[in-house]
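> Fold the following for me, if possible:
(one chain, ligands or ions: 1)
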Amino acid sequence: MKSLKDRWSLVTGASRGVGSQVSEGLAQLGSNLVLHSRELAHTQALAAKLAALGVRVVTVSGELSDEAQVDAMLDAALRQAGRVDILYNNAAIMTPWRENPWDTPAEDFRKSFEVNVISLARICHRLVPLMLARKWGRVINLTSGIMNQPNLTAYAISKAAVDKFVRDFVPLLAGSGVQMNLLDPGWLRTDLGGPKAPNDPTSVLPGALVPALLDNGESGRFFRAQDYAGLTLPQALEKALLK
Ligand SMILES: NC(=O)c1ccc[n+]([C@@H]2O[C@H](COP(=O)([O-])OP(=O)(O)OC[C@H]3O[C@@H](n4cnc5c(N)ncnc54)[C@H](OP(=O)(O)O)[C@@H]3O)[C@@H](O)[C@H]2O)c1
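Here you go, the predicted model:
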């Protein structure tokens, strides 16, 4: 099986939901972890659990709507880990359900763009040039398959902006050794997805790991974790290569 031994992965929003599943999956493949959340205390238990698997784990914190905190979080990550080889831009906020979509306040758009788009771009701007200099990197930006839900338009268009961000960088990354792709985890029973979601958070594995493990030079692809639910990781990788 593919190994991520000696790689360092940064997972934003690692404390719960998709982020904690992905972090555990990466640690099981041997990757060292930088776990991010808003408070160091939120990732303490997960850090201890993953360290017991024999990988190195450090924790960083930062409110992603605050540019200075994003920069301080990245400083702390690079200081402790030395480098980031694999980046999961996973943290995001859901905006409130607006019964009358025509009344969606500007604040919903502002907040969702600050956390879901601008911080994601800022983290990429800092870390991807370092990956390019080392000629190896994997960036997985969490998106959503959400559509036709105008009551959640502020969240939905922030994810559309993430899709556009990733796709526009495809020519720049070609042949570089750095791959940047999109991952839709599916509708899951997390704090963000809510209790009515059809899928358990564990169903993101093994699919969520596929874009970190593929070595085909491809960027800009939209991966759906649920396409791989119930498969083993080798089966998932084989399916991803067949397309
Ligand atoms: N769940 C779904 O159904 C679903 C569907 C499609 C896409 N997605 C995407 O999958 C990703 C993960 O979602 P999830 O369901 O796992 O979310 P979640 O359970 O709500 O977890 C959110 C994570 O992000 C962190 N976070 C939240 N707001 C933050 C902020 N302002 N600044 C910094 N960190 C913040 C939280 O850290 P704290 O511990 O500090 O709060 C937590 O670790 C998101 O990008 C989401 O859009 C989810």
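> Which helix or which strand is home to the residue lying closest to Thr12 once chain neighbours are set aside?
If the residues on either side of it in the chain are set aside, Thr12 comes closest to Ala91, at 4.0 Å by Cβ to Cβ, 6 or more residues apart in numbering. Heads up, the C-betas are built off the backbone N, CA and C, glycines and all. Under DSSP states H and E, no helix or strand contains Ala91.
> how many neighbours does Ala91 have?
26 (other Cβ atoms under 10 Å).
> ok now do it, which residues does it touch?
Ala91 makes contacts with Thr12, Gly13, Gly19, His36, Ser37, Leu64, Val115, Ser119, as judged by Cβ atoms under 8 Å, 6 or more residues apart in numbering.
> wait, Thr43 sits on Ala51?
No. Applying Cβ atoms under 8 Å as the test, Thr43 and Ala51 come out as separate, 11.4 Å apart.
> more neighbours, those two?
Legend: neighbour count by other Cβ under 10 Å for Thr43 and Ala51, higher for Thr43 (29 against 15).
> Give me the below-cutoff pLDDT ranges for the protein.
Along the chain, the model assigns pLDDT under 70 to residues 1-2.
> Spell out which parts of it neighbour the ligand.
By Cβ under 6 Å from any ligand atom, the residues of the chain that approach the ligand are 13-19, 37-39, 42, 63-65, 90-93, 115, 142, 144, 184-185, 187-188, 190-193, 197.
> Can you flag the buried ones in those?
Using 16 or more other Cβ atoms under 10 Å as the burial test, the residues of the chain next to the ligand include 13-19, 37-38, 42, 64-65, 90-93, 115, 142, 144, 184-185, 187-188, 190, 192-193 as buried.
> show me the contacts for Ile123.
Ile123 touches Thr12, Val70, Leu74, Leu87, Asn89, counting by Cβ under 8 Å, 6+ apart.
> and the gap between the nearest residue to the third one once chain neighbours are set aside and Ala72?
Closest residue in space to Leu74, ignoring its immediate chain neighbours: Arg126 at 5.2 Å, by Cβ to Cβ, 6+ apart. Counting by Cβ to Cβ, to the nearest Å, the separation of Arg126 from Ala72 is 12 Å.
> give me the residue from this protein nearest the ligand.
With Cβ to the nearest ligand atom, the shortest gap between the chain and the ligand falls at Gly17, namely 2.2 Å.
> where does the nearest residue to that residue once chain neighbours are set aside land in three-state SS?
Leaving aside its chain neighbours, Gly17 sits nearest to Thr190 (3.4 Å; criterion: Cβ to Cβ, 6+ apart). Put simply, Thr190 is coil when judged by DSSP: H, G, I helix; E, B strand; the rest coil.
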